[in-house]
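Trainee: Give me a 3D structure for the following:
(one chain, ligands or ions: 2)
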Amino acid sequence: MLVVMDINAKQELIDAVVETAENKGYKAMPIPGGDRVSIGILYNKGSVDKSHFLGFEGVKEVIPVTKPYKQVSREFKNENTIIKVGDIQIGGDEITIIAGPCAIESEKQAMDIALSVKEAGATLFRGGAYKPRSSPYSFQGMGIGGLKILSKVREETGLPVVSEVIDLEVFDAVEDYVDVLQIGTRNMQNFSLLKRAGKAKKPVILKRGMAATIEEWLMAAEYIMENGNPDIILCERGVRTFVNHSRNTLDISAIPVVQKESHLPIITDPSHAAGVRDQVLPLSLASVAAETDGLMIEVHNKPEEALCDGAQSLLPEQFDMLCKKVRKMKELCRE
Ligand code: PEP
Ligand code: MN
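Mentor: Ligands and ions are numbered 1, 2, ... in the order given. All right, here's what the predicted structure looks like:
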């Protein structure tokens, strides 16, 4: 950490910062500059609390130079983490495609969609059994009945299944039935849920909070890893901005930043970023070009009748086309 002093800071104010740092067990090294002094705080194990120094007289700015996340960082582990779900790998050389409806609505709906997305090339099936809805009057999901349908889908199609866990109350049930747990954008900083996910024996897709910085997102992943679960897949799903031409704004730049900062795989969910179907293909291709490790796409065979997120759901034939174009884009990027 670097403590930058005011231009006019007198020597005794500089000494006071140095003394406080040394009393806390750090080494403090004043670095004289052209017109001001900065003080490097060294040998700290873990991040130093900025507020220790911000309130000092004569301190202009405090600049952290080390990152607060550890186990999820590339400094901690340089090689990419590859998550295995049965025979499927997430974070390897291939793009993983996860697809399915926003919510499980019936056995027939889930099975029909699962068969079509499998045929097109999806290797995992998604579907919410517990839905975090903005309105208490909206469809809340089928609950345990939805989880049972997901199990049947896995049995019949062989596709591993992904579903969201919205709170601690339903955690055990979701963990029992699914292959991959999902923590949604609204729960990214639900620390009790993150700690529980750390005890889970299944991989976790951790969606980025809709107003979370990358650092906050990686710290959320750190919670899961610190509690014992190393199998985390980060999912960029768009952040809230001022625009109204899409539901959220897909932060494509998050992909290279996360790839650089963390060894964890990152996938993209263009459906929730877009909110409308016609943006899903271009955002998917852009994500592949930016080297995402996978895509999560909402697909519905009757989107006009969907109980949740019909407007952003692709029809099966549109999803089929998307898979073909995604594979071509991936090949292009390998060259
Ligand atoms: C979902 O995947 O259905 C979902 C609710 O996503 P998010 O948490 O990104 O809004
Ligand atoms: Mn949805």
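
Trainee: on contacts alone, who are the packing partners of the strand or helix carrying residue 259?
Mentor: Here residue 259, judged by DSSP states H and E, is contained in helix 254-261. Judged by 3 or more CB pairs under 8 Å, 6 or more residues apart in numbering; DSSP states H and E, the packing partners of helix 254-261 are helix 214-226, strand 232-236, strand 266-268. Bear in mind the C-beta positions are built from the backbone N, C-alpha and C, glycine included.

Trainee: Save the ones you listed as JSON lines, and put in mean pLDDT, distance to residue 159 and mean neighbour count too.
Mentor: Conversion of the helices and strands packed on helix 254-261 to JSON lines gives the following (pLDDT from 0 to 100; distance: least, CB to CB, whole Å; neighbours: other CB atoms under 10 Å):
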{"stretch": "helix 214-226", "mean pLDDT": "97", "distance to residue 159": "24", "mean neighbour count": "21"}
{"stretch": "strand 232-236", "mean pLDDT": "99", "distance to residue 159": "16", "mean neighbour count": "27"}
{"stretch": "strand 266-268", "mean pLDDT": "98", "distance to residue 159": "16", "mean neighbour count": "26"}
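
Trainee: With distance to ligand 1 as added columns, please give these in JSON lines.
Mentor: Shown next, in JSON lines, are those (distance: least, CB to the nearest ligand atom, whole Å):
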{"stretch": "helix 214-226", "distance to ligand 1": "12"}
{"stretch": "strand 232-236", "distance to ligand 1": "7"}
{"stretch": "strand 266-268", "distance to ligand 1": "11"}
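
Trainee: So the helix holding residue 259, near ligand 1 or not?
Mentor: No - Helix 254-261 lies apart from ligand 1 when judged by CB under 6 Å from any ligand atom; the minimum separation is 13.4 Å.

Trainee: Which residues does that helix contact?
Mentor: 67, 69, 73-74, 208, 214, 217-218, 234, 236, 264, 266, 268, 287, 290-292 (CB atoms under 8 Å, 6 or more residues apart in numbering).
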